[in-house]
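*Asks:* got a sequence here, can you build the structure:
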Amino acid sequence: MLKSTLSPLRLRGAVMAVSLLALAPAAGAAPSLAPRALLAKPTGRELPAGTFVERLVVKFHEGSHVRLRDNALRALASERSEGERELLSGLRLDSARVESDLAEVVGLLERAPRIGALDRVFQAEEATLDASKASGERASGEQLADLNLYFEVPLLPGTTADAVADLVAALNRVGSVETAYAEPPPEPAMVNFAMEAGLRALLSAADLPPTTPAYQSAQGYLNAAPSGINATYAWTQTGGRGTNVKIVDIEGGWRTSHEDFPTFFRVGGTQYNDLGWRNHGTAVMGEIVGANNAYGVTGIASAASPGVEAIGAQSSASAITNAAAAVGAGGVILIELHAGGPSDGTACTCNTSQCNYIAMEYWQDNYDAIRNATANGVVVVEAAGNGSANLDAAAYGGRFNPATRD
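*Replies:* Below is the predicted model:
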């Protein structure tokens, strides 16, 4: 059930990981904010050799105020706030060191097997990201990442993690770099991505010829546990169908004109021209917002207002931020993606084509985007279980442990 109010629910299951953060009292001045947890820098060899990676991500330390200007990285010392200068000082960094480190990073990135120019990870306007950070910090009382400090270079198709491991390690030895890593391409979180024929049957508010049968009787997941999520009970409760709630699905493609869909309030990003992506996205949205009528499927939250945010021309982290801004406080975003991560050392007994695929929050840009969203009152639902991975395994460095970062 999608709810229009936040709750302290914590769901730790094999299939979905849900990030919920209730709004906290307004925080005081910036120095009173609870600090961000900094993880150990990646070695560059966390991913198995041969893992395909599509982008190299670099984040500079908080307070450095590095920005992209005229297609080049600049450390804008004159624009640093007092709080940023204090953060730099706490890291034993100063303007001269940041400038020197910046030149080193630029030189290292020139060595990357890249297919395009350096760019910002997050596509939203800098001022928009600044405002979201400030409002989230006021609400949560915790320091949030400056998303404007994230940059990326697109890598040549076929680049593997081991091919850029030494470069990643070199970037992480630079003092002004908070983290650097190679990120693999995400895929839809599903069994055997190539599309099951059954999903095509799931594929606005008018039954177009020929007549479509009613499929609700085949939607076992609507029923009570253990075979379902008990949506049929939720429908008897006020708001149980998602009335007045906005939800945005993040993946690669949809057919938003499907006869069983309501009007979409947002269609963002660039979609992949690929039938597999489109069928998967259409099926997912059908499960959520399929119209409550006499034909087709009935969505779990059929009264919710749907939107989509595609990753065809932006990072998943950027899509998360754009989707969160679209739904606003009390809205819901679904990260219907996962990507190949480290091997957890256990046998993969099912869905072997996506063995060791894990939740997107493993990669820091996605985590910081999620953290910003939840701090601003957005409910984030994250696919987490289709890779047969034990997220408590040591291979993940505590990144899924709420005691490390939540």
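
*Asks:* start from the N-terminal end of the stretch 301-406 of the chain and give the helices.
*Replies:* With helices called from DSSP state H, counting those that start in this stretch, the stretch 301-406 of the chain shows them at 316-327, 364-375.

*Asks:* need those helices in TSV (columns: distance to residue 57 and mean pLDDT).
*Replies:* All C-beta atoms are positioned from the backbone trio N, CA, C, and that covers glycine. Output for these, formatted as TSV (distance: least, CB to CB, whole Å; pLDDT from 0 to 100):
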stretch	distance to residue 57	mean pLDDT
helix 316-327	8	98
helix 364-375	6	98
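
*Asks:* can you check which of those gets nearest to residue 138?
*Replies:* helix 364-375 (9.1 Å; CB to CB).

*Asks:* helix 316-327 and the closest one, what's the angle between them?
*Replies:* Relative orientation of helix 364-375 with respect to helix 316-327: 20 degrees, computed using axes from the mean of the first three to the mean of the last three CA atoms, to 10 degrees.

*Asks:* what's in contact with helix 364-375?
*Replies:* If you take CB atoms under 8 Å, 6 or more residues apart in numbering as the criterion, helix 364-375 is touched by 19-21, 39, 57, 59, 121-122, 132-133, 136-137, 139-140, 142, 144-145, 147, 150, 179, 181, 183, 315-318, 320-321, 324, 333, 335, 360-361, 380, 382, 399, 405.

*Asks:* low-confidence stretches in the chain?
*Replies:* 1-31, 191-205 (pLDDT under 70).

*Asks:* can you map out the helices along it?
*Replies:* Using DSSP state H, the helices of the chain run over 82-90, 95-109, 126-140, 165-172, 231-234, 275-289, 316-327, 364-375.

*Asks:* and of the ones you listed, who's closest to residue 43?
*Replies:* helix 165-172 (6.0 Å).

*Asks:* returning to that earlier point: same list, the helices of the chain, but as CSV with mean neighbour count please.
*Replies:* What follows is the helices of the chain, written out as CSV (neighbours: other CB atoms under 10 Å):
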stretch, mean neighbour count
helix 82-90, 15
helix 95-109, 16
helix 126-140, 18
helix 165-172, 19
helix 231-234, 18
helix 275-289, 22
helix 316-327, 26
helix 364-375, 25
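
*Asks:* using a markdown table, lay out those helices together with distance to residue 156.
*Replies:* What follows is the helices of the chain, written out as a markdown table (distance: least, CB to CB, whole Å):
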| stretch | distance to residue 156 |
| --- | --- |
| helix 82-90 | 35 |
| helix 95-109 | 14 |
| helix 126-140 | 29 |
| helix 165-172 | 13 |
| helix 231-234 | 45 |
| helix 275-289 | 22 |
| helix 316-327 | 20 |
| helix 364-375 | 20 |
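
*Asks:* and of those, who's closest to residue 394?
*Replies:* Closest among the helices of the chain, once you apply CB to CB, is helix 364-375, at 18.5 Å.

*Asks:* test of understanding: give the bridge partners of the residue nearest to residue 335 when sequence neighbours are not counted.
*Replies:* Among residues not flanking residue 335 along the chain, residue 382 sits closest, at 4.6 Å (CB to CB, 6 or more residues apart in numbering). Legend: beta-bridge partners of residue 382 under DSSP bridges are residue 17, residue 335.

*Asks:* what about residue 382, how many residues nearby?
*Replies:* Residue 382 is flanked by 22 other residues according to other CB atoms under 10 Å.

*Asks:* how near is it to residue 390?
*Replies:* When distance is defined by CB to CB, to the nearest Å, residue 382 is 17 Å away from residue 390.

*Asks:* count the residues that sit near the closest residue to residue 357 other than its chain neighbours.
*Replies:* Closest residue to residue 357 apart from its sequence neighbours, by CB to CB, 6+ apart: residue 387 at 3.3 Å. By the criterion of other CB under 10 Å, residue 387 has 24 neighbours.

*Asks:* now swap in residue 93 and tell me
*Replies:* Neighbours around residue 93, by other CB under 10 Å: 18.

*Asks:* what sits against it?
*Replies:* 61, 63, 64, 175, 176.

*Asks:* need those residues in TSV with distance to residue 74 and neighbour count, can you?
*Replies:* Converted to TSV, the contacts of residue 93 look like this (distance: CB to CB, whole Å; neighbours: other CB atoms under 10 Å):
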residue	distance to residue 74	neighbour count
61	15	23
63	15	22
64	11	28
175	18	13
176	13	21
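
*Asks:* out of the helices of the stretch 301-406 of the chain, which gets nearest to residue 83?
*Replies:* Among these, helix 364-375 comes nearest to residue 83, with 17.1 Å by CB to CB.

*Asks:* angles on the backbone of the residue nearest to residue 357, please.
*Replies:* The phi/psi pair for residue 387 (degrees, to the nearest 10) reads phi -100, psi 10.

*Asks:* and it, how far from residue 337?
*Replies:* 12 Å.

*Asks:* cool, residue 383 as well?
*Replies:* Taking CB to CB, one finds residue 383 at 7 Å from residue 337.

*Asks:* so what sits against both of those two?
*Replies:* With CB under 8 Å, 6+ apart, residue 383 and residue 337 have common neighbours residue 189.

*Asks:* the nearest residue to residue 303 once chain neighbours are set aside: neighbour count?
*Replies:* Computed as CB to CB, 6+ apart, the closest residue to residue 303 that is not its neighbour in sequence is residue 241, at 3.9 Å. Look at residue 241: counted by other CB under 10 Å, it has 22 neighbours.

*Asks:* that older thread, switch the helices of the stretch 301-406 of the chain over to JSON lines; also include distance to residue 253.
*Replies:* As requested, those are arranged in JSON lines below (distance: least, CB to CB, whole Å):
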{"stretch": "helix 316-327", "distance to residue 253": "13"}
{"stretch": "helix 364-375", "distance to residue 253": "20"}
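
*Asks:* ok, which of these comes nearest residue 223?
*Replies:* With CB to CB as the measure, helix 316-327 is the member of the helices of the stretch 301-406 of the chain nearest residue 223 (27.7 Å).

*Asks:* the helices of the chain: which one's closest to residue 33?
*Replies:* Nearest of these (CB to CB): helix 126-140, 5.7 Å.

*Asks:* now that closest one - C-alpha only, PDB.
*Replies:* What follows is helix 126-140, C-alpha atoms only, in PDB (Å, rounded to 0.1, in the frame of the first residue of the first chain):
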ATOM      1  CA  GLU A 126      22.900  23.900  -9.300                       C
ATOM      2  CA  ALA A 127      20.600  26.300  -7.500                       C
ATOM      3  CA  THR A 128      17.900  23.600  -7.300                       C
ATOM      4  CA  LEU A 129      20.300  21.100  -5.800                       C
ATOM      5  CA  ASP A 130      21.500  23.700  -3.300                       C
ATOM      6  CA  ALA A 131      17.900  24.500  -2.200                       C
ATOM      7  CA  SER A 132      17.100  20.800  -1.900                       C
ATOM      8  CA  LYS A 133      20.200  20.300   0.300                       C
ATOM      9  CA  ALA A 134      19.300  23.200   2.500                       C
ATOM     10  CA  SER A 135      15.600  22.200   3.000                       C
ATOM     11  CA  GLY A 136      16.600  18.600   3.700                       C
ATOM     12  CA  GLU A 137      19.200  19.600   6.300                       C
ATOM     13  CA  ARG A 138      16.700  21.800   8.000                       C
ATOM     14  CA  ALA A 139      14.100  19.000   8.100                       C
ATOM     15  CA  SER A 140      16.500  16.200   9.200                       C
END
